[in-house]
Structures are given as structure tokens and as C-alpha cells.
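Colleague: Sequence plus predicted model, see below.
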Amino acid sequence: MRKLHAVYIGAFFFFYALSYLPNFNIFNEATFIGFFPQPLIWVLLLNALNTVIIFIVYKKFFKPFAERAEREFEAYEEGEENK
Amino acid sequence: MSQAVVTIIVLVLFLSILLWISNRASKENVATPNDFFLAGRGLGTIVMTMTTGASYFSTWTLLGAIGSHYRDGVWFVAFAAWAVVHAMFIWLFGTRIWYLGRKHNFITPGDMVEKYFDSPFLRILFAAVGIIGLVPYMLIQITGGAFALNSLTNNEIPYWVGVLIMGAFVGIIVTLSGGRGAAWADTFMGFFFGTVLLLITVIFIVRAGGFDAFKGLQETAPQILVNKGNFWGILESALGLGFGFWIMPHMWQKFYSAKSPLILAKTSIITPFWNSWLMALGALFIGMLAHTPGLVPGLTVENSDRIIPLFFSSYAPIFGSIVVAAVIAAGISTINSALLSSASLLVNDLFVRFVKKDASLEKTTLIAKATILLMTVLIIVISFIPAAQGFLVPVAALGYGIVLQLVPAALGPLYWKGGTKIGAISSIFVGLAGLTFVYLGGSPLPIGPAATGLILGLATFFLVSLATQDRQTQTKEQFHSDLNRIFYPENSR
């Protein structure tokens, strides 16, 4: 699970790093793809990919963590009340 | 009816709603620092999402980011990219801050670092750097709002009147309502300025030629359709404004305020849409399309941080008043949290911790309110200094850049148990020294002040920690054992 987590986080930051390619003149031509200039559409595409990864991280890691943490604090608070 | 009168009527209406919300919130307040600063750690999903977004986005978004897109075009689209990273930061940092905060009842970032490193001095450092970093950020909310009022009314409402309106109102509502009122008001203001930004974006797209709006810029402003390079320049803003989402004290304390981690989880999946797809891209569309000939009369590079008020002062003054109210909403929704946070750092981390340890909860809350009023006066005074009235994004980035130097030390309690007290302290000093030298004297390298400081700080934290040892390690072991157990339960079975 820890390795899978690292893969998703690694992929997320890899895509984020790729969004800087136009700063190095890669995917930075003055042409249009659809309605937008190339460097803009490139970043939007990577943003869309990273938005999807956020949802995957939520489902696979964030929500299970949240449920575990809530159980832990509920148990702790019940213990405090029973003292 | 003159533009100034219309604007004043709209503002009075808008500020009355805020006052009503703050008054309602104040009735639920309990006189404890936990309740006053962190809204009793009871924020739900909608309020949490709106208050983190509204506290982060401010006049630099509704005015400054639009101006940056006008000046630099597609180069500034990095803002939309780092705004998605915010959602990941909620998972990577927000959860750990929430968990440790709840477990140990922390109120400020300084509470955590003092306990973890067993170092009162680190608490002082975190408080001092946090306050210094928050000042420029609070400042641009006041100056940005005042400039917007001034532009919309064609100088009928002078800059100094705008400063006093913003300052007085913020001071009153934050003192009155505390963290709960700030969060409730943020929710109202966030919806308000988010909706207004969406509407303005649609208006600009339609007026600039609809789907072919960007193609229309090929003749008038072809330079903004390609990225101008300058990687280190944008990295400087991306680091400060990206990491600022969790390391700035007012944002850090938002994570403490969440009712449960599930609230943070839900906030993380809404964040890309709110922070990036709406706010950042809205600013991009408006700023770039402002180059469309005749769309924004009187627009120049110098006044490009005021595109929205300029546009509406020409076409629809009444709607323009609502827009300026939205700009002011964006400013107030940020400065309220920043003011609260700076007061909590002064009162909790310095006064109660070192001067008057036996202060009652009621007295502490009272002192916090007085501190908020004093901080408000200080910000108002600074906003009259000409040097404080520059472009909004660079001033905001400076504030974020200063607090960014706390990141290496914060990685200790959150991630790296190898980090030592001496490593943490030296990383902050080296980071700030690097930032100051490059900011004042320039650098032979292309790297900016904040990035230089962060790189040096990280290296210092790592190397000094390897070379030194902490005497007290029990608390550190406990922190990381708790985090490992809750984040990776399969490893602790």
C-alpha cells in the first residue's frame, strides 16, 4: 500500500513538473489546439490528469485514513467519558 | 446618482450582511482561545472548503493575478497548476497537522514545534517569522481594496478613505466574531466573489469574441500566447504561493479547525475545482482577454492590477460596485484569518507562554481581541507608505516567501524524525539570511530570494541534523509512531 501511495504521489508531481516544459520552450509554439494556444492547453491537460489523481488518492488513501482517525478519536473520547 | 454614492450604498449593504453574520457567530462563541482562534475545531465541509479557499485567495487573485496574466500572459498559468497541488497538500500536510493538532490540542504551529523539538526558542521563531510574513499579505488586502474603490469611482473615493473603510471594518468584525465568525463570513464572501468572478469571466469571453476569443489575440498581443520562459521567476511564486497553502500560519490553523479528517478529505476533492478550475482560470481568461482592443478602456501596464474596476467603471457602474464589493470581500476574507492568526501567535506563543502563564481563558481572549485591533492599526499605518503600494502579486509572494523558510523545520514533526532542534533552528536562520541577501543584493544565479532561502534551508536542516543529536527523543518517537500507525496501519500490525 505504501508503494502504491508513492506511485500515485510520484505520478502527481511528475505531471506537475511537466507543466513547466513550456518554460523551456517545449510545447510552447504559437499554434492553436482547439480554442487555446498550445502552452495553455498543455497545462490544462496536465491539470485534468492531476485532478483525476486527487480523486483516486481520496478514494484509496484519504477516506480510509479519515475513517481510521475518526474511530481512534471516538474510542479515545469514549474512554475519557467512562473514566 | 454618482458612482461614488452607488458604491457606498452597495458597500454599506454588503458590510451590513457581514456584520450580521459576525454578530450571529459571536453568539455561539465561548471565551476560550480554542474557540476564538479555531472555531472550537468544529468546521464542516462547506465552511472548511470556503474558508480555506477564501483565506488563500484574496485581492491578489481578483486583482493581482489578473494583472499578472495581462502582463505575462500564458506564463502565469503556473498559478492554475499549483492551485491543484493545494489539494494534494491537504492530504500530504493538512492531515498530519490536523491529527497532531487534535491529539495534542495545539492552537498554533509554534505549539507543535516546541513540543516536538522541546524548544521554546523554536516556538518564538515560528511566531516571529509567521507574523512578519503575514504583514505584507494583510497589507495587500487593504491596499488592493482601496485601489479598487479608487479606480471604480474615478478618484471620487480617495485611496486613504478606502484604506480606512477596509481597516475599520475588518478590525471590528474579527474582534467581534473570532474564528467562527471569520469562517462563516468567509463562506458567504467566498460564494460571493466566486460567483462574481465566474460572471465576469463569462462577460469577458463573450465580449472578446466567444470561443475564438484567444485567436483574436494573435494579432494584438501574440507575445502573451506563448510562455516567455523565465522558469526561476515563476518557480519563485510557485514555491511561495504553493507551499503557502499549508505553511502560512493562518492556513495551518485552518487545518486544526476541521471537525474531522473526513471534512479535510472532502475539502481536498473540491479544492481543484474551486482553487484552480474556477479562481485561477477565471483570472487567466480575464487578464489575457483584457488585451482585446477596446475591451478595457484606459488600460495600461501600470494600472493592470485594476482591470476589473476599470472595465466596470466604463460599462456598468452599478454592477461595478458589486464587483468592488467582491474584491473587498476577497480581501476581508483573507485578512480576517490572517489577523486572527497573527493575534494567536502573539498572544498564545509569546504573551501567555512566556509573560503571563497564569492568564485566565477569558483574559487571554480579551488580550487577543485587543491585539487584533492593534495589528489592524499597524497595517493601516503601513498601507500609507508608498513602498507598500506596489504590484500585488510580488508583495504577496514576499510574505509567502518569508514564511516558506519555516518549511524545512516543519518537516521534522510532520515527516522526518531525523531532524534535530539545532538543524531546525539553523535552517530557519540560513533560509532567512539567503532570502534577505538575494532580495536586497541580487544573486549571480537566476534563482529568486525565496527559492534560494528554501534550498539553503533544506540543505542546512538535513546536514546539521545529521551532525547533531537531540537529548530528548521520546516525544519525537511518539509523534512518528502515532503518524505511522494511523497512516500506514499495515506496517504497524
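Modeller: Looks like it came in fine. Since this is a predicted model, take the numbers as computed values, not measurements.

Colleague: Now do the contacts for the residue nearest to the spatial centre of chain A.
Modeller: A centroid search over chain A (Cα atoms, centre = their mean) returns residue A:54, at 3.5 Å, as the residue closest to the centre. Remark: with contacts taken as Cβ atoms under 8 Å, 6 or more residues apart in numbering or on different chains, residue A:54 is in contact with A:12, B:84, B:87-88, B:268-269, B:271-272. Glycine gets a C-beta too; all of them are placed from N, C-alpha and C.

Colleague: May I ask which of those has the most neighbours?
Modeller: Within these, residue B:87 tops the neighbour count with 30 neighbours, counted by other Cβ atoms under 10 Å in any protein chain shown.

Colleague: quick one: the strands in chain A?
Modeller: Residue ranges of the strands in chain A, as given by DSSP state E, are A:32-33, A:36-37.

Colleague: Please identify the most buried of those strands.
Modeller: Neighbour counts (mean count of other Cβ atoms under 10 Å in any protein chain shown) averaged over each of the strands of chain A peak at strand A:36-37, with a mean of 22.

Colleague: what are the pairing partners of it, and which direction each?
Modeller: The strands that strand A:36-37 pairs with in its sheet are strand A:32-33 (antiparallel) (by DSSP bridges).

Colleague: Check what contacts the strand it pairs with and list those residues.
Modeller: With contact meaning Cβ under 8 Å, 6+ apart, strand A:32-33 is reached by A:38, A:41, B:214-215.

Colleague: Show me which of those residues are buried.
Modeller: A:38, A:41, B:214 (16 or more other Cβ atoms under 10 Å in any protein chain shown).

Colleague: quick one on the thing from earlier: need the strands of chain A in a markdown table (columns: mean pLDDT and distance to residue B:404).
Modeller: Formatted as a markdown table, the entries for those read as follows, by pLDDT from 0 to 100; distance: least, Cβ to Cβ, whole Å:
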| stretch | mean pLDDT | distance to residue B:404 |
| --- | --- | --- |
| strand A:32-33 | 94 | 35 |
| strand A:36-37 | 94 | 31 |
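
Colleague: before we move on, the earlier item: going by distance to residue B:193, which of the buried ones among the contacts of strand A:32-33 wins?
Modeller: Looking at the buried ones among the contacts of strand A:32-33 and their distance to residue B:193, the nearest is residue B:214, at 24.5 Å (Cβ to Cβ).

Colleague: Surely the closest one forms part of a strand?
Modeller: No. Counting by DSSP: H, G, I helix; E, B strand; the rest coil, residue B:214 is not found in a strand; it is coil.

Colleague: Residues of the stretch 51-200 of chain B that sit close to chain A?
Modeller: Within the stretch 51-200 of chain B, the positions lying close to chain A (Cβ under 8 Å from any Cβ of the partner chain) are B:74-75, B:77-78, B:80-82, B:84-85, B:87-88, B:91-92, B:95, B:99, B:102.

Colleague: Give me the subset of those residues that lies in helices.
Modeller: Using DSSP state H, B:78, B:80-82, B:84-85, B:87-88, B:95, B:99, B:102 are the members of those that sit in helices.

Colleague: Which among these count as buried?
Modeller: By neighbour count, with 16+ other Cβ under 10 Å, these hold B:78, B:80-82, B:84-85, B:87-88, B:95, B:99, B:102 as buried.

Colleague: now those residues in a markdown table, with distance to residue B:429?
Modeller: Conversion of those to a markdown table gives the following (distance: Cβ to Cβ, whole Å):
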| residue | distance to residue B:429 |
| --- | --- |
| B:78 | 29 |
| B:80 | 34 |
| B:81 | 31 |
| B:82 | 27 |
| B:84 | 33 |
| B:85 | 28 |
| B:87 | 32 |
| B:88 | 29 |
| B:95 | 29 |
| B:99 | 29 |
| B:102 | 31 |
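
Colleague: ok, back up a step: closest to residue A:69 out of the buried ones among the contacts of strand A:32-33?
Modeller: If you rank these by distance to residue A:69 using Cβ to Cβ, residue A:41 comes first, at 39.4 Å.

Colleague: Residues of the stretch 201-350 of chain B that sit close to chain A?
Modeller: With the criterion set to Cβ under 8 Å from any Cβ, the stretch 201-350 of chain B comes near chain A through B:211-215, B:218, B:222, B:225-227, B:229-231, B:234-235, B:260-262, B:264-265, B:268-269, B:271-273, B:276-277, B:284.

Colleague: and these, which are buried?
Modeller: Neighbour counting by 16+ other Cβ under 10 Å classes B:213-214, B:225-227, B:231, B:234-235, B:260-262, B:264-265, B:268-269, B:271-272, B:276-277, B:284 among those as buried.
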